[in-house]
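Trainee: Predicted coordinates and the sequence they were generated for:
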Amino acid sequence: MKVNECIACTEFPCQDVNVDHYVIPEIDLDPAKVKLLMVSEAAPADHRDYFYAGSESSFERTTLAAFNEAGVAVSSFNQILGMGVYLTNAVKCGKTGYGIKAATIKECSNILEEEISRFPNARVVMLMGDAAIKAINYIARSAGEPRVIPAGSTYKIRGGEYYFRGMRAFPSYLQVGPSVGIEKSKQRMIAEDINAALSLVS
C-alpha cells in the first residue's frame, strides 16, 4: 500500500500553510506490519527534508538520533520501518510561521484520521508535539468520543495512560527539525517515550 494513493487533501482550505510543501508518505508498505504510529507536526519547508527522503533528510537524521538516544541502534529509516514503525505528520503542508492555527490542525485531522485507519494492527500512537496532540483530540471529539490527551504541559501529562481507539497514546515532544534546537531535557524525555512505546510492540 502507498498511503499517498489512499488519502489526499483536495481542497486545501487552510490559510496559514504553504500548499507547495504538501506531502503524504509515498513509501510502499504492508499496513498489517505497522504496530506503532509516530505523528509529528507539519511537513518540512523542503521536500528533501521529509521522512523517507533519504539519509540527507533532516527529519530522518533527527528521528534516527532520537531512536539512538533511546538505545535503539538504527542508521536508516528502513530499519525503523522494519520494526513496524510508521512516521507521518498531523499537518500535511509546510508551516508559514512558527505556529499552526487550531482550525488548520482540525481540518487536517480529517486526513490523519483516515490515514490512521489504514493500519488495523497499530497498538501505539506517539504524538510528537502539540499539533499532533491537538489533532488526535480533534479526531476523538468530532466522533463524540472523550478527548484522548488532557490539557496541560507535556512534561506534566507525560507518563499517564491514555488510549485512542484501542491504541496506547503517548504525548511527547517534537523530535524533528534542527537537532541543535532540541533541548537536552526534551531529548531525554523523547528517548524515554520511544522506549516505553517500543516496549509495548516488541
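Mentor: That came in fine, so what should we check first?
Trainee: out of everything not next to it in sequence, what's closest to the residue nearest the centre of the chain?
Mentor: Nearest to the geometric centre of the chain sits V39, at 1.0 Å (Cα atoms, centre = their mean). Using Cβ to Cβ, 6 or more residues apart in numbering and skipping the chain neighbours, the partner closest in space to V39 is A132 (4.2 Å). C-beta here means a position set from N, CA and C on the backbone, and glycine is covered the same way.
Trainee: My guess is the residue nearest to the centre of the chain contacts D130. True?
Mentor: No - counting by Cβ atoms under 8 Å, no contact exists between V39 and D130, whose distance comes to 11.6 Å.
Trainee: how about the residue nearest to the centre of the chain, what does it touch?
Mentor: The neighbourhood of V39, defined by Cβ atoms under 8 Å, 6 or more residues apart in numbering, consists of L87, T88, N89, A90, L112, V125, M126, L127, M128, A132, A135, I136.
Trainee: What segments of this protein are strands?
Mentor: Assigned by DSSP state E, the chain shows strands spanning 17-18, 36-43, 85-95, 124-128, 162-164, 167-172.
Trainee: and the last one, what other elements does it pack with?
Mentor: This points to strand 167-172. Counting by 3 or more Cβ pairs under 8 Å, 6 or more residues apart in numbering; DSSP states H and E, the packing neighbours recorded for strand 167-172 are strand 124-128, helix 154-157, strand 162-164, helix 184-199.
Trainee: Let me see the mean pLDDT of the first one.
Mentor: In this case it means strand 124-128. Throughout strand 124-128, pLDDT has a mean value of 98.
Trainee: same deal with the shortest one?
Mentor: Taken as a whole, strand 162-164 has an average pLDDT of 98.
Trainee: Relative to the whole chain's centre, how far out is that strand?
Mentor: 15 Å (Cα atoms, centre = their mean, to the nearest Å).
Trainee: quick one on the thing from earlier: next, count neighbours for the residue nearest to V39.
Mentor: A count of nearby residues for A132, using other Cβ atoms under 10 Å, gives 30.
Trainee: do the same with Y163
Mentor: Taking other Cβ under 10 Å as the neighbour definition, Y163 ends up with a count of 10.
Trainee: Please determine how far it is located from E145.
Mentor: Note on Y163: its distance to E145, by Cβ to Cβ, to the nearest Å, is 10 Å.
Trainee: for A70, same thing?
Mentor: A70 is 30 Å from E145, where distance means Cβ to Cβ.
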